[in-house]
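1. Show me the folded form of this:
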Amino acid sequence: MSIEHNSGIRNIAIIAHVDHGKTTLVDHLFRQSGTFRVSQEMKERVMDNMALEMERGITISAKNCSVRWNGIRINILDTPGHADFGGEVERALAMVEGAILLVDAAEGPLPQTRFVLQKALERNISIIVVINKIDRADARPAEVLSEIYDMFIDLDAEDRHIDFPVLYAIGREGIVKKNLDDTATDLHILFDAILEHIPAPSYDTDEPFQMLVCDLDYSDYLGRLAIGRVVHGNAHVNEKLVCVKEDARTVPLTITRLQIYEGVVFAETPSADAGDIVILAGIDNVAIGDTIATEEHPKALPRLTIDPPTVSMEFSVNTSPLAGRDGTIVQASRIWERLQKEALRNVGIKVERKGAENIFMVKGRGELQMAIIVETMRREGFELSIGRPTVIYKMENGVLCEPIEHVFIDCDEAFVGVVSEKLSRRKGKLAKLINHGARVRLEFFIPSRSLIGYRNQFLTDTKGTGIMSSYLKGYEPHYGDYATRFTGSLVADRTGNAIPYAIFNLEPRGRMLVQPGDDVYEGMVVGEHNKDCDLDVNICRGKKLTNIRTVLKDENVTLTRVQQLSLEKAIEFIRDDEIIEVTPLSIRVRKIILQAQIRNSKTTRILAKAAPTAG
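-> From the prediction side, this is the model:
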């Protein structure tokens with residue numbers, strides 16, 4: 001064995017909690033490294049190139065790019081900060097030797113900070129800590145640094161990991177400095193720290209070519225693209241290799257195009273060396289976790305290991321009376337094909353068929369991840385129905401266990417009472433309370449199922465000022481049942497159009513979800529009932545006309561404004577006997593069983609109250 005290092009390359013990931021400034025920092029790395037010309041126009045958050053990422057202001061999938069500094073190419077992986085996309089972080093960390101841990105100078109380490117750091121320590125990679133946003137009025141960098149040390153110790157980090165370099169940053173201005181009192185105007189200190197503290201990729205000169213596939217892409221001209229890091233050896237264009245599958249089966253292939261990252265775009269290269277992150281074209285049958293190796297030595301690398309999913313959701317064909325009006329793709333086979341394609345690229349989800357029916361079970365990390373998949377399919381022209389997210393239970397030593405979340409809440413002191421009361425009703429247990437003056441930090445242990453449908457209610461209770469985040473603590477014995485919703489549904493009892501006169505008379509019964517003129521059908525949920533039971537209503541009823549016309553008889557109908565039901569709000573709203581009808585133009589809530597006579601039968605009510613089972 002002869003170990004050498006490729007000193008011309010550094011591979012790093014930028015990891016942090018959501019909204020701590022990762023993508024903004026990458027923008028300034030591009031500007032100050034010379035990747036973009038001074039006169040070249042560059043949009044903000046250039047790495048967030050998906051439409052949903054730009055709309056929501058979050059990173060959804062990990063992306064690769066590179067910059068050059070002092071003649072060394074630095075491959076950078078920008079990772080998501082939301083816990084639901086943790087699989088993307090785990091996939092990105094498999095390609096790097098080091099990571100920049102970005103922490104907000106005011107908020108400090110939050111749940112996803114702990115999660116990504118734990119994954120980085122498990123892979124034994126080097127860490128550079130950057131305390132960002134030190135220009136905030138409520139910044140407390142000294143306390144945050146102490147909390148970071150505590151987090152490293154809690155995660156049983158080795159001494160070499162705890163002895164990490166610390167830098168301070170104002171990410172939006174592109175400034176990094178070693179000490180708070182220093183004066184700096186650029187990111188040169190960060191570039192130099194990467195070259196100094198992140199080791200160059202190592203490889204064994206005696207080993208043949210091996211590359212671990214960590215991501216997939218598709219080109220209309222080149223077909224499927226395999227993205228990964230070359231672990232040993234080197235490869236050339238038109239070289240014949242094999243793809244080693246999960247069952248040790250080998251599939252022959254020929255590299256038709258070999259590319260590397262130059263900035264945010266691909267650049268062709270005749271060969272790839274050990275330690276580099278490359279893009280291979282000419283591979284049809286490949287999956288994330290496969291190994292690309294030589295024909296003479298088809299030796300597989302350890303496959304990627306991703307934490308198992310904790311939430312499942314049913315996807316099915318849209319069977320409502322309004323099906324097929326908006327979407328162009330409605331067939332079950334097309335939906336199944338699209339979900340399989342999603343599972344191929346997204347290592348954090350699994351898809352399964354549920355029996356012989358046209359129902360597909362998608363398992364993932366959280367409701368936001370599910371909502372992103374559904375919203376993406378909706379924009380592609382799909383029509384489908386989705387059910388309420390349910391947690392995945394386990395049986396351990398004959399005991400039913402469920403996933404438990406460690407929830408962190410940051411809110412004003414005035415809202416501590418209402419937040420604690422609501423979470424206690426949902427089987428939450430208070431673990432810690434820290435008062436920072438005007439703001440209070442609360443920590444709860446609570447079942448994952450209890451957070452489904454609570455986030456919007458939390459924002460209402462805290463008047464939009466509260467911050468809530470969480471990470472999976474593990475599985476514990478079932479905490480017991482609780483009331484998931486204290487209101488019922490107003491359900492249309494016939495097909496037609498919503499009439500203003502009928503809506504006006506139904507408003508005292510609850511909050512309406514449809515507007516005048518909207519198409520409705522029997523079994524469609526048209527509003528939220530004030531009481532905890534469902535109520536069948538006639539929303540199509542018009543005013544009875546007579547021959548008498550007077551000013552006092554004909555009153556003007558003024559309706560309360562209807563708040564548009566978004567996909568996330570609909571997922572949080574529905575109960576177990578309801579599903580969401582998703583089309584490119586509409587989001588409707590309906591009962592699983594449309595006919596009122598069948599739906600209200602005693603047998604159906606008993607089936608709706610089935611106890612949770614392990615799955």
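2. List the buried residues of stretch 238-248.
-> For stretch 238-248, the neighbour count (16 or more other Cβ atoms under 10 Å) marks 241-245 as buried. To be clear about C-beta, it is placed using only N, CA and C from the backbone, and glycine gets the same treatment.
3. can you tell me which of those residues are in strands?
-> Residues of the buried residues of stretch 238-248 located in strands (DSSP state E): 241-244.
4. need those residues in JSON lines with distance to K531, can you?
-> Listed next are those as JSON lines, based on distance: Cβ to Cβ, whole Å:
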{"residue": "L241", "distance to K531": "66"}
{"residue": "V242", "distance to K531": "65"}
{"residue": "C243", "distance to K531": "59"}
{"residue": "V244", "distance to K531": "60"}
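5. Among those, list the two that are farthest apart in space.
-> Using Cβ to Cβ, the pair of these lying farthest apart is L241 and V244, separated by 9.8 Å.
6. Find residues that contact each of the two.
-> 292-293 (Cβ atoms under 8 Å, 6 or more residues apart in numbering).
7. Not counting its own residues, what contacts stretch 232-246?
-> The contact list for stretch 232-246 (Cβ under 8 Å, 6+ apart) reads 203-204, 207-211, 213, 250-258, 270-274, 278, 280, 283, 285-287, 289-295, 298-300, 303.
8. Give me the below-cutoff pLDDT ranges for this protein.
-> Within the chain, the stretches with pLDDT under 70 are 1, 35-51, 53-55, 57, 356, 546-555, 602-615.
9. buried ones in the longest strand anywhere in the chain?
-> Looking across the chain with DSSP E, the single longest strand is strand 399-412. For strand 399-412, a neighbour-count test (16+ other Cβ under 10 Å) marks 401-411 as buried.
10. elements contacting that strand?
-> Judged by 3 or more Cβ pairs under 8 Å, 6 or more residues apart in numbering; DSSP states H and E, strand 399-412 is in contact with helix 111-122, strand 394-396, helix 416-425, strand 439-447, helix 448-451, strand 467-477.
11. With distance to I574 and mean neighbour count added, can I get the ones you listed in TSV?
-> Compiled in TSV, the helices and strands packed on strand 399-412 are given as follows (distance: least, Cβ to Cβ, whole Å; neighbours: other Cβ atoms under 10 Å):
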stretch	distance to I574	mean neighbour count
helix 111-122	26	21
strand 394-396	25	13
helix 416-425	19	15
strand 439-447	18	20
helix 448-451	14	24
strand 467-477	21	17
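12. Out of the ones you listed, which is closest to P508?
-> When the helices and strands packed on strand 399-412 are compared by Cβ to Cβ, helix 416-425 sits nearest P508, at 25.9 Å.
13. Just the angle for that closest one relative to strand 439-447, thanks.
-> 10 degrees (axes from the mean of the first three to the mean of the last three Cα atoms, to 10 degrees).
14. Not including adjacent chain positions, what is the nearest residue to L155?
-> Nearest residue to L155, sequence neighbours excluded (Cβ to Cβ, 6 or more residues apart in numbering): Q118, at 5.4 Å.
15. any idea how far L472 is from the one you found?
-> Here Q118 is placed at a distance of 11 Å from L472 (Cβ to Cβ, to the nearest Å).
16. same thing with I162?
-> From I162 to L472 the distance is 24 Å (Cβ to Cβ).
17. G282: neighbouring residues, count only.
-> 18 (other Cβ atoms under 10 Å).
18. residues near the residue lying closest to it once chain neighbours are set aside, how many?
-> Nearest residue to G282 in three dimensions, chain neighbours excluded: T256, at 3.5 Å (Cβ to Cβ, 6+ apart). When neighbours are counted by other Cβ under 10 Å, T256 registers 13.
19. Surely T256 touches E268?
-> No: taking contacts as Cβ atoms under 8 Å, T256 lies outside contact range of E268: 11.2 Å.
20. biggest separation within the buried residues of stretch 238-248, which pair?
-> Using Cβ to Cβ, the two most remote members of those are L241 and K245, lying 13.5 Å apart.
21. one step back: just the buried subset of the contacts of stretch 232-246, please.
-> By 16+ other Cβ under 10 Å, these give 203, 207-211, 213, 253, 255, 257-258, 272-274, 278, 280, 283, 286-287, 289-294, 298, 300, 303 as buried.
22. What about the residues you listed, which are in strands?
-> Those of the buried ones among the contacts of stretch 232-246 mapping onto strands are 203, 210-211, 213, 253, 257-258, 272, 278, 280, 291-294, per DSSP E.
23. out of the residues you listed, what pair is the most spread apart?
-> Farthest pair in these (Cβ to Cβ) is Y203 and R257. Separation: 23.1 Å.
24. so what's L212 up against?
-> 94-95, 228-229, 231, 289, 291, 301, 304.
25. and if we set it to 6 Å?
-> 228, 301 (Cβ atoms under 6 Å, 6 or more residues apart in numbering).
26. for R91, same thing?
-> If you count contacts by Cβ under 6 Å, 6+ apart, R91 has them with 214, 347.
27. Distance check, it against N530.
-> R91 is 47 Å from N530, where distance means Cβ to Cβ.
28. do C540 as well
-> 21 Å.
29. quick one: buried residues of stretch 534-546?
-> Within stretch 534-546, the residues that count as buried by 16+ other Cβ under 10 Å are 534-535, 537, 539-540.
30. Tell me the bridge partners for E443.
-> For E443, the beta-bridge partners are F408, K432 (DSSP bridges).
31. ok, now how distant is it from G8?
-> For E443, the distance to G8 (Cβ to Cβ) stands at 45 Å.
32. show me what contacts the nearest residue to V278 once chain neighbours are set aside?
-> Nearest residue to V278, sequence neighbours excluded (Cβ to Cβ, 6+ apart): A272, at 4.4 Å. Going by Cβ under 6 Å, 6+ apart, A272 touches 230, 235, 258, 278.
33. so which pair among those is furthest apart in space?
-> V230 and L258 (10.4 Å).
34. now the end-to-end length of stretch 462-482.
-> 22 Å (Cα to Cα, to the nearest Å).
35. what does that stretch contact?
-> Counting by Cβ under 6 Å, 6+ apart, 83, 110-111, 115, 394, 399-412, 415, 426-427, 447, 458 sit against stretch 462-482.
36. Now do the residue lying closest to T495 once chain neighbours are set aside against P321, distance only.
-> Spatial nearest neighbour of T495, chain neighbours left out: Y521 (4.4 Å); criterion: Cβ to Cβ, 6+ apart. Using Cβ to Cβ, Y521 is found at 4 Å from P321.
37. Same question for I592.
-> 14 Å.
38. what do you get for L559?
-> Computed as Cβ to Cβ, the L559 to P321 distance reads 25 Å.
39. And T79, by the same measure?
-> Using Cβ to Cβ, we find T79 at a distance of 44 Å from P321.
40. Of these two, which one has the most company?
-> Comparing T79 with P321 by other Cβ under 10 Å, the one with more neighbours is T79, at 25 against 14.
41. Taking their axis directions, the strand or helix carrying M151 and helix 111-122 sit at what angle?
-> Element membership of M151 [criterion: DSSP states H and E] is helix 141-154. Helix 141-154 runs at 50 degrees relative to helix 111-122, counting by the same axes, to 10 degrees.
42. What lies in contact with stretch 570-587?
-> With contacts defined as Cβ under 6 Å, 6+ apart, stretch 570-587 is touched by 318, 320, 326-327, 367, 374, 378, 381, 383-388, 453, 456, 485, 565, 567, 588-592, 608.
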